[in-house]
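Undergrad: sequence-free structure coming up:
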């Protein structure tokens, strides 16, 4: 649910055009170390699916700091998580074979994305799809295609163990949230709906690891974001505040370029995984909340 501030298409493409004109190189991938997105993203064909097949690699935008979903393991410099596995399932559908074979052959090139870059990187053809805890909304569906949801989630409140026991304890506390997220609005709305008399303040951070570090250091009192993301940051010193109260429910989908021929392929993969029960097995294997 994080991005209420996605960079507009016109703004992004305008900047991209300026960079291309200055350097004569076109857009360059923003992939993390070790992995490289294929820069030659477009061909003369209007078929995204044909472009991917011709290129021989599926370019995917993922998170690098969400354990269980998309995480760049510094020890191996490889991406891991449910959304990484989903990407290899899509690659297997496009190129043939199995997901394991797609992984062995390196048929996915991963690029870590942020709420501001993920949509525009689809628009300019640098990425073929986004599998990055991307919430499906009616507003976003006007700009991009989304697969059927592969996961439903809600917002959580991570605290230090024993520091609070009820929602009214949030009064006067500092809640750390991700920049550009709608978490602040969701928490405020929940307190109103629950008739809780509490007025916390909010502090924004650039990434999740920084929020967790601030919580551990005592600089904030609560780390609030999607529960699926919090699941990767719970340790022996932390716990969820009032875990039975769920709010800000949302659904994640794989995003692709609006009205392109690749969208139906992606959706078919998600639907097949759901109907076969394999998606549930994948979710279970990553111990997601």
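TA: Happy to help now that I have it. Quantities reported herein were computed from a predicted structural model and do not represent experimental measurements. Numbers count the residues shown, from 1 in each chain.

Undergrad: Next, work out how far apart residue 49 and residue 268 are.
TA: 12 Å (CB to CB, to the nearest Å). In this view, the C-beta of every residue, glycine as well, is placed from N, C-alpha and C.

Undergrad: now swap in residue 275 and tell me
TA: In terms of CB to CB, residue 275 sits 11 Å off from residue 268.

Undergrad: so residue 287 makes contact with residue 231?
TA: Yes - between residue 287 and residue 231 there is a contact under CB atoms under 8 Å: 7.4 Å.

Undergrad: Give me the distance between the two termini of stretch 110-128.
TA: 10 Å (CA to CA, to the nearest Å).

Undergrad: on that earlier part again, between residue 49 and residue 268, point out the one with more neighbours.
TA: residue 49 (17 against 14; other CB atoms under 10 Å).

Undergrad: That one and residue 95, how far apart?
TA: Following CB to CB, the distance that separates residue 49 from residue 95 is 11 Å.

Undergrad: Identify the contacts common to the two.
TA: Common neighbours of residue 49 and residue 95, using CB atoms under 8 Å, 6 or more residues apart in numbering, do not exist here.

Undergrad: which stretches of the chain have low pLDDT?
TA: 1-45, 180, 289 (pLDDT under 70).

Undergrad: mind listing the strands for it?
TA: Assignment of strands within the chain using DSSP state E yields the ranges 58-62, 65-66, 70-73, 78-80, 108-112, 129-130, 144-146, 151-160, 174-178, 201-205, 222-226, 238-240, 247-252, 255-257.

Undergrad: Which residues belonging to the fourth one are considered buried?
TA: Neighbour-count burial for strand 78-80, with 16 or more other CB atoms under 10 Å as criterion, is recorded at 79-80.

Undergrad: Who are the packing partners of that strand?
TA: Contacts defined by 3 or more CB pairs under 8 Å, 6 or more residues apart in numbering; DSSP states H and E place strand 78-80 against strand 70-73.

Undergrad: And for the fifth one?
TA: Packing contacts for strand 108-112, counted by 3+ CB pairs under 8 Å, 6+ apart, involve strand 58-62, helix 82-95.

Undergrad: That strand versus strand 58-62: what angle between them?
TA: If you take axes from the mean of the first three to the mean of the last three CA atoms, to 10 degrees, strand 108-112 sits at 30 degrees to strand 58-62.

Undergrad: Run the angle between strand 108-112 and helix 82-95 for me.
TA: Going by the same axes, to 10 degrees, strand 108-112 makes 140 degrees with helix 82-95.

Undergrad: before we move on, back to that, ok, residue 287 and residue 231, which is more surrounded?
TA: residue 231 (20 against 10).

Undergrad: Can you check the distance spanned by stretch 104-111, start to finish?
TA: 18 Å.

Undergrad: Just the buried residues of that stretch, please?
TA: For stretch 104-111, by 16+ other CB under 10 Å, it's 107-111.

Undergrad: possible to save the helices and strands packed on strand 108-112 as TSV with mean neighbour count and distance to residue 151?
TA: Below are those laid out as TSV (neighbours: other CB atoms under 10 Å; distance: least, CB to CB, whole Å):
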stretch	mean neighbour count	distance to residue 151
strand 58-62	28	14
helix 82-95	23	7
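
Undergrad: got these as CSV, with distance to residue 148 columns?
TA: Formatted as CSV, these follow (distance: least, CB to CB, whole Å):
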stretch, distance to residue 148
strand 58-62, 18
helix 82-95, 12
